[in-house]
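Novice: Got a predicted structure plus its sequence, pasted below:
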Amino acid sequence: MSLHGSDKCGEIHTYHIYPLAIIVDRYNGTYSEGSFTAWNLHPETIPDEIYSDDCTCFDFWNEVRANEESYEYRKYHNKFGVGNTIQAAIDDLYKKLPPDERMVEVSPDEWKLEKFTRKENKND
């Protein structure tokens, strides 16, 4: 996973979650309750509702969190994490994954962090 944009560098622990897609929240957490969402889905299968208009986005997040009878809850309730940082969103997702779907269980002392740094463009 790479980080894009100016001043984006650091270490992220991904827990070896695959697939893993990180999305910057369109409404900056107004409905999702976090600036970033992490999905245990391929990008093309992430629900379109998170990118939609206010009402649709509100309805999606409301259903996926609160209504255990809803289609959205049953399909997505343990497939996303939310946080105000990328790492917080990934951590939230990891906690929601059923233990048998976690690829790796390690203690924080055993984490192997992947480093990501911004590559300078020599043509700048």
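Specialist: Cool, got the structure.
Novice: use CA for all of it now, contacts and neighbours both
Specialist: Fine.
Novice: residue ranges for the strands of the protein, please.
Specialist: 10-12, 21-24, 36-39, 80-83, 114-116 (DSSP state E).
Novice: Let me know which of those strands is tucked in deepest.
Specialist: Mean neighbour count (mean count of other C-alpha atoms under 10 Å) peaks for strand 36-39 among those, with a mean of 26.
Novice: what's next to it, contact-wise?
Specialist: Identification of contacts with strand 36-39 by C-alpha atoms under 8 Å, 6 or more residues apart in numbering yields 19-25, 28-29, 46, 79-86, 89-90, 93.
Novice: Only C-alpha atoms, please: export it in CSV.
Specialist: C-alpha atoms of strand 36-39 as CSV (Å, rounded to 0.1, in the frame of the first residue of the first chain):
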residue,chain,number,x,y,z
PHE,A,36,-10.7,7.5,6.8
THR,A,37,-12.4,4.2,6.1
ALA,A,38,-10.5,0.9,5.7
TRP,A,39,-12.3,-1.9,3.8
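Novice: What pairs with that strand, parallel or antiparallel?
Specialist: Partner strands for strand 36-39, per DSSP bridges, with pairing direction: strand 21-24 (antiparallel), strand 80-83 (antiparallel).
Novice: I'd like those laid out as TSV, including mean pLDDT and distance to E63.
Specialist: Formatted as TSV, the strands paired with strand 36-39 follow (pLDDT from 0 to 100; distance: least, C-alpha to C-alpha, whole Å):
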stretch	mean pLDDT	distance to E63
strand 21-24	96	19
strand 80-83	96	14
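Novice: Rebuild the ones you listed as TSV, extending it with distance to T56.
Specialist: Shown next, in TSV, are these (distance: least, C-alpha to C-alpha, whole Å):
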stretch	distance to T56
strand 21-24	17
strand 80-83	18
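Novice: Show me the contact partners of the longest helix anywhere in the chain.
Specialist: Taking DSSP state H as the criterion, the chain has its longest helix at helix 54-66. Here helix 54-66 makes contact (C-alpha under 8 Å, 6+ apart) with 31-32, 49-51, 70, 72-74, 76-77.
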